[in-house]
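In: this one's structure only:
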């Protein structure tokens, strides 16, 4: 009889969906050429939607949610990986159309995995998670497009979230002058300055209708909010500046003007983390190992267990989660 392990699995019901803890075997999982013993996972906004059913995130039933996990290869028929390799997974539809990290084991395609740098533990990998990995991709894009620390202030929106927190920590360590935008400016100000922000502004300042062009301020920006916030940030970006867009917490729309692009030469750079080629993933994780202050990462991280997942899924959708969560599996 195959060894069993614990998992949180979602099932389709007449009323919508139900998630419950179950004992599974590897044969209960979806196809893949690598089996990973999961050591840690995390809870992203997308995981919250999957757990609560508030959005049709799950596209195959039954399914183990969890778009991120880190652990150790247990068995592999993929030539790139061998038992004992430490690996991390982000994206590729895992936790949506392929069972993911909310279980003690996962079976997936080796092509979706990246070997973890020695400097990053499984727990730190999940403190980083898709959010921090996306932040690193955003910082890399700013660098590639010429936003250097001497160019001026860089704005980070949604600063108290996972993407925002890691972006602040990375940018500040690289020498940038970082301004954090938060809905909770007063209560989160000390926390955000502790991550490296030099100033904290009220997110409400960016939420009204945007002018085609506003006073130039930002040399660059990392935006995880979208909608009116992104439109306002673009209107305030300095000549030749760059804004990376990696989230839609406020909405998918972009109610702005082409003026920043054609009159100030502003670049809007989209950041996709889900289907990113492996070469980019390897570069991002290598830079995280080099450039992220793990002490600051710990300061934005809380710890949880598998039993906490249903509660945390609801809380992250309701905006009650700050920073990053590491779930010990």
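Out: Received the coordinates, thanks. Quantities reported herein were computed from a predicted structural model and do not represent experimental measurements.

In: ok, residue 291 - contacts?
Out: 136, 170, 173-174 (CB atoms under 8 Å, 6 or more residues apart in numbering). Using the backbone N, CA and C atoms, a C-beta is placed for each residue, glycine as well.

In: give me the buried entries from these.
Out: Neighbour counting over those (16 or more other CB atoms under 10 Å) leaves 136, 170, 174 as the buried ones.

In: now, those that are in helices?
Out: When DSSP state H is applied, the buried ones among the contacts of residue 291 are split such that 136, 170 fall in helices.

In: mind giving me the domain ranges of the chain?
Out: Following the assignment in automatic domain parsing, the chain carries domains at 5-116+294-328, 131-270.

In: could you dump those to a markdown table with distance to residue 125 and mean pLDDT?
Out: Formatted as a markdown table, those follow (distance: least, CB to CB, whole Å; pLDDT from 0 to 100):
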| stretch | distance to residue 125 | mean pLDDT |
| --- | --- | --- |
| domain 5-116+294-328 | 4 | 95 |
| domain 131-270 | 9 | 96 |
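
In: all helices of the chain, in order?
Out: In the chain, the segments counted as helices under DSSP H are 45-52, 122-144, 162-173, 185-195, 227-236, 259-263, 278-291, 294-299, 309-317.

In: helices or strands up against the fifth one?
Out: Using 3 or more CB pairs under 8 Å, 6 or more residues apart in numbering; DSSP states H and E, the elements in contact with helix 227-236 are strand 218-223, strand 237-245, helix 259-263.

In: now do the fourth one
Out: Contacting helix 185-195 under the criterion 3+ CB pairs under 8 Å, 6+ apart are the following elements: helix 162-173, strand 178-182, strand 199-202, helix 294-299.

In: please identify the most buried of the helices of the chain.
Out: Compared across the helices of the chain, helix 162-173 shows the largest average neighbour count, a mean of 28 (mean count of other CB atoms under 10 Å).

In: can you list the residues that contact that one?
Out: By CB under 8 Å, 6+ apart, helix 162-173 touches 44, 128-129, 131-132, 134-136, 138-139, 154, 156-159, 178, 180, 182, 192, 195-198, 222, 224, 246-247, 288, 291-293, 296-297, 300, 323-324.

In: I'd like the distance between residue 50 and residue 97.
Out: 11 Å (CB to CB, to the nearest Å).

In: so for the two, which residues contact both of them?
Out: Shared contacts of residue 50 and residue 97 (CB under 8 Å, 6+ apart): residue 58.

In: so which of the helices and strands packed on helix 227-236 comes closest to residue 10?
Out: Proximity to residue 10 (CB to CB) singles out strand 237-245 among those, at 29.4 Å.

In: let me see the contact set for the nearest residue to residue 23 once chain neighbours are set aside.
Out: Once flanking residues are discounted, residue 23 sits nearest to residue 4: 4.3 Å by CB to CB, 6 or more residues apart in numbering. Shown in contact with residue 4 (CB under 8 Å, 6+ apart): 23-25.
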